[in-house]
Each structure stands twice: as structure tokens, then as C-alpha cells.
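Novice: one predicted model, sequence on top.
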Amino acid sequence: MQTADIHRRWLTFFGDRGHTVVPSASLVSEDPTLLFTVAGMVPFVPYLTGLVPAPYPRATSVQKCIRTLDIEEVGKTPRHGTFFQMNGNFSFGDYFKEQAIEYAWELLTSSESDGGLGFQEKDLWVTVYKDDDEAINFWKKTAGLPDERIQRLDMDTNYWSTGQPGPAGPCSEIFFDRGPAYGQDGGPATDDDRYVEIWNLVFMQYLRGEGSGKNFEILGELPKKNIDTGMGMERVAFLKQGVENMYETDQVRPVLDRAAEISGRRYGADHDDDVRMRVIADHVRSSLMLMSDGVTPSNEGRGYILRRLMRRTIRSMRLLGVDAPSFAELFPASRDAMKHSYPEVETEYSRIERLALSEEEAFLRTLASGTSILDLAVAKTKTEGAKELASDTAFLLHDTFGFPIDLTLEMAEEAGLTVNRSAFDELMLQQRTMAKADAKSKKTHLADLSVYGEFRAAGETVFTGYEY
Ligand code: ATP
Ligand code: MG
Ligand code: MG
Ligand code: MG
């Protein structure tokens, strides 16, 4: 079952059941407190909180999401992407818990020929908030699930709230059991490699008051209760496609295969290489989708996240033994895998490619000069028998060679060394203070005009700022 097919089945199922089909919002969230859209519910927050009356009683979407919080998990777990698609169905004061559970169960377990996803009932488990007896009863009634496949869990995983006074409520999650080959039995509470979370149903039921963490007061039931659900499309895709993880699905795998071809290394032969290929496949796709939503690489905010994803891709290619540029081959593979669901990645491709290639070129230059300095410093540190890289080396790399500190940390760690992060931060602070004082004293002096002379000597220059 191709990802685009799951996409279509989802929207048809909920569309046929009275939900307004709402197109995905941009990855660049309209919510100023969020860098990116992190969940399907984000565009609906004003309706869910009651700030704005919902224009429809029920809605459904397939939402593009970015979760930078999961970046360290990428490639290591089977189920975490920085980019992924969250399929959602929403009720704004319309249907509630029982109906939401019925819909979820029907879509998951009805046969493929009936438009369902065709999961076997015996493979599914659910978790509920420990006090939510209502949900337990609905699961028993709707799905006929035995007690042992319904696990009661704590607030950490099974309760939703914004952390502020406002709507809150329990949630119930659905898991797929991949079987004993993937870990110990005992259900989702015991093993999250074997039991893969696929769908979260949030029941916005209560009005919460002040408080923090797990301690807040419940002021009462909401007059209009809402449903917010999120199903991970890539997770369903990898389980339906019979592959091992989300990076091997039809929308992601082509990039992984390109990385393998370019590097001449075989996927499946070496654990570390496999992780790198999965990271590359994920990060290239995330970068492509971010750029198609208008994000450009820069040193702050969203642009910095994009830059980081591209730099991690380049680093991973180098660790696969590839020093030459590879974006010109990796990005088209991702474009071709994504364009059926997102035609804009094709129509916008020349702009995206230009951004990607110039970012790659600049970073390869930085890497080449920085790496040789770092290698020397690492060798020197080791011959001295020390375990920590001098913080002024890290600072020099950053200050003179534009070598990002996270990369220095990563590369030092690979060489078995640590870096004193706070000493580095101290040097950064000193430099900023000096630069400020310097700028102040310069105000009274004339600029060094010889610089302009040098420009002149270089002859005519062409302004390329509009294209690059
Ligand atoms: P997990 O515990 O596996 O990290 P989560 O509890 O953080 O998932 P939710 O916030 O409940 O996830 O999001 C709803 C659904 O979106 C999840 O059930 C899952 O199917 C999907 N999902 C969440 N994070 C990711 C991700 N990084 N990559 C792919 N799918 C994801
Ligand atoms: Mg998570
Ligand atoms: Mg979870
Ligand atoms: Mg969850």
C-alpha cells in the first residue's frame, strides 16, 4: 500500500463521514510561538480552544509536520522522522469519545477492498489514561478488545493539555505489535520497538485551571467537547509495506538508495552506515519540504534548522566516504518520491535546487578547512594523553573557519574526546564583549578606506544577490 494510497483512503474515509477535507497548512506555522507545524492539530488550535468559532463541525487533514525534537532519534528508531505527515480527524463540539474510537477501529481493521487499512485485530493494542474507564468500556464494546490488550497509563503519555488554563483531557493510543522478533511481550508499556504507536486519540473533555506539570486543577467538564487525533502516515506505511522502518517506505527509500549507490556501500551491511543512510534519507526530504514551504538556510530560527539538516546530510555522506558534492543527485530522488502528493516540490524545484547546491558548496568549503585543523588538534591532544579538546581550538574553528560548535562536539566525540562546552561559551561571551567595546571606540574613527581601493583594483563586479 503506497503512501499516497493511505493518504487517499484517509481523506475518503473521513470525508464520507461528514468531515470537511482541509488541505495541509504550511510547515511554517502561523502560530508565532511555534517554529514549525508539529502536529495535525496546530492549524485548528483556535477552534479547539474556542478562541474562534469553527467553520465546520468536523474536519480531516493530512498535515505536513516537522519535529526537531526528534532529530536525535532519526535513523536509530524505526519510527521517528524530522519530517512526517500526520493524518487527523477533528470534532469541534460535535461527536466525542465513543464515535472517535469507532471511526479509528473501523478504518484500521476494515478490509483493503472496503477502503480500510486492513490491519489484523490481533495485532492491535491500546493504551488509555489510567482513570478513563469510559474509554476502556468503549474499546471493549467497539473492538471487543480483551482486558490485557488495553493498558492503563499515566499522565506522562496519556493526557493532553497545553500547560495553560484551558481545554485538557485524556488520550488513548493505538499500537501495532510487530511480534516477538522485535522485543519482549507485555504491551506498549514495556517495549516501544516491538509495539509501534500509530495513532493518538485526544479527548478534549475538561477545563483545566492553574498549575504546573502534573499538578493542576480540573475546573469541570467543557460545555463543548472536542476530538483531536493524529495518525502517523509513515508508520502505517512501513507496517503496511512490510519493511523495517519508515525510511524504507516508498516516499523515503529512493534517497537512501541513491546515498548507497553514490557511496558504493550496501544498505544492510553495517549498522552505523545504515543509520547514516537513514539520516540522509530523512534529512534530504525534510530539507526539500522546508524549502518548498519557503524556508531558506540561514543562521537563525527556521533557517538554522534547515541549515543544520543539510549540514548533517553532508556530514553523513562524508562518513560514508563521499567528499564530493551529492545534493544534485539526492534531492531529485526525494523530489520524485514526493511530487505525487506535493506537486509544488516539482514546480518549485529549480529554486530549491539552487538553494541546496549553494548551501552544499559553502559548507563543503568550511568542512575542508575546519576538518584538517580539527584533525591536527585531535592528534595533538591524544599524543599529550589528554581526553579533552582545548576549548580555544573549538573557538578558533568557530570564529575563524565558521565551523559550527555542534559539529565540533560531534567530531570530537567520534574521535573519543570531549569538549568543555562552558569554557567555549565563556570564550564566545568574551569575544562579544570585546567586539562591543571595539565598535564603541571605532565610532570616533574613520573607516579604513583602503578596503574600497582593493575592490576597485579587482575590476568590475556583477551583483548576483537576486539569484543567490
Ligand atoms: P512517539 O512516542 O513514538 O515519539 P508521540 O507520542 O510523540 O510518538 P504524538 O505526539 O502522539 O506522537 O503524535 C501523533 C502520531 O504522530 C503518533 O502516534 C505517530 O504515529 C506520529 N508521529 C509522531 N512523531 C513522529 C515522528 N517524529 N515521525 C513520524 N511519525 C510521528
Ligand atoms: Mg514523540
Ligand atoms: Mg508516544
Ligand atoms: Mg503519542
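Specialist: Sure thing, it's come through. Ligands and ions are numbered 1, 2, ... in the order given.

Novice: residues from the protein in reach of ligand 1?
Specialist: Residues of the chain lying close to ligand 1 by CB under 6 Å from any ligand atom are 67, 70, 79-81, 84, 86, 197-200, 230-232, 234-235. (C-beta placed from N, C-alpha, C; glycine too.)

Novice: going by neighbour count, which of the residues you listed comes out on top?
Specialist: Most neighbours among the residues of the chain next to ligand 1, by other CB atoms under 10 Å: Gly81, with 29 neighbours.

Novice: now the closest residue to Leu409 other than its chain neighbours: phi and psi?
Specialist: Nearest residue to Leu409, sequence neighbours excluded (CB to CB, 6 or more residues apart in numbering): Val419, at 5.4 Å. Here is the backbone geometry of Val419 (degrees, to the nearest 10): phi -130, psi 140.

Novice: tally of neighbours for Phe92?
Specialist: Counted with other CB under 10 Å, residues neighbouring Phe92 total 21.

Novice: now do the contacts for it.
Specialist: Going by CB atoms under 8 Å, 6 or more residues apart in numbering, Phe92 touches Phe44, Tyr47, Leu48, Ala54, Tyr56, Pro57, Arg58, Ala59, Lys224, Asn226.

Novice: tally of neighbours for the nearest residue in space to it that is not next to it in sequence?
Specialist: Of all residues beyond its chain neighbours, the one nearest Phe92 is Ala54 (3.7 Å), with distances taken as CB to CB, 6+ apart. By other CB under 10 Å, 20 other residues sit near Ala54.

Novice: hmm, Ala54 is touching Tyr47, no?
Specialist: Yes - the criterion here is CB atoms under 8 Å, and Ala54 meets it with Tyr47 at 3.8 Å.

Novice: for this structure, what spans make up the strands?
Specialist: Here the chain has its strands, by DSSP state E, at 20-21, 58-66, 83-92, 124-129, 150-153, 159-161, 166-177, 195-212, 215-232, 388-389, 418-419.

Novice: so can I have CSV of those strands showing distance to Leu117 and mean pLDDT?
Specialist: Below are these laid out as CSV (distance: least, CB to CB, whole Å; pLDDT from 0 to 100):
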stretch, distance to Leu117, mean pLDDT
strand 20-21, 18, 98
strand 58-66, 14, 98
strand 83-92, 11, 98
strand 124-129, 11, 98
strand 150-153, 20, 97
strand 159-161, 24, 94
strand 166-177, 11, 96
strand 195-212, 10, 95
strand 215-232, 9, 95
strand 388-389, 51, 94
strand 418-419, 47, 94
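
Novice: related to what we said a few turns ago, got phi/psi on the residue nearest to Phe92?
Specialist: The phi/psi pair for Ala54 (degrees, to the nearest 10) is phi -70, psi 140.

Novice: who touches it in this structure?
Specialist: Neighbour list for Ala54: Phe44, Tyr47, Phe92, Gly93 [criterion: CB under 8 Å, 6+ apart].

Novice: tell me who's in contact with the residue of the chain found nearest ligand 1.
Specialist: Here the chain gets closest to ligand 1 at one residue, Gly232, 2.3 Å apart by CB to the nearest ligand atom. Each residue near Gly232 by CB under 8 Å, 6+ apart is listed here: Arg79, Phe84, Gln85, Met86, Asn87, Glu197, Ile198, Trp199.

Novice: between the residues you listed, which is closest to Pro167?
Specialist: Nearest to Pro167 out of the contacts of Gly232 is Met86 (CB to CB; 19.1 Å).

Novice: partners of the residue of the chain closest to ligand 1 in the sheet?
Specialist: Counting by DSSP bridges, Gly232 forms beta bridges with Met86.
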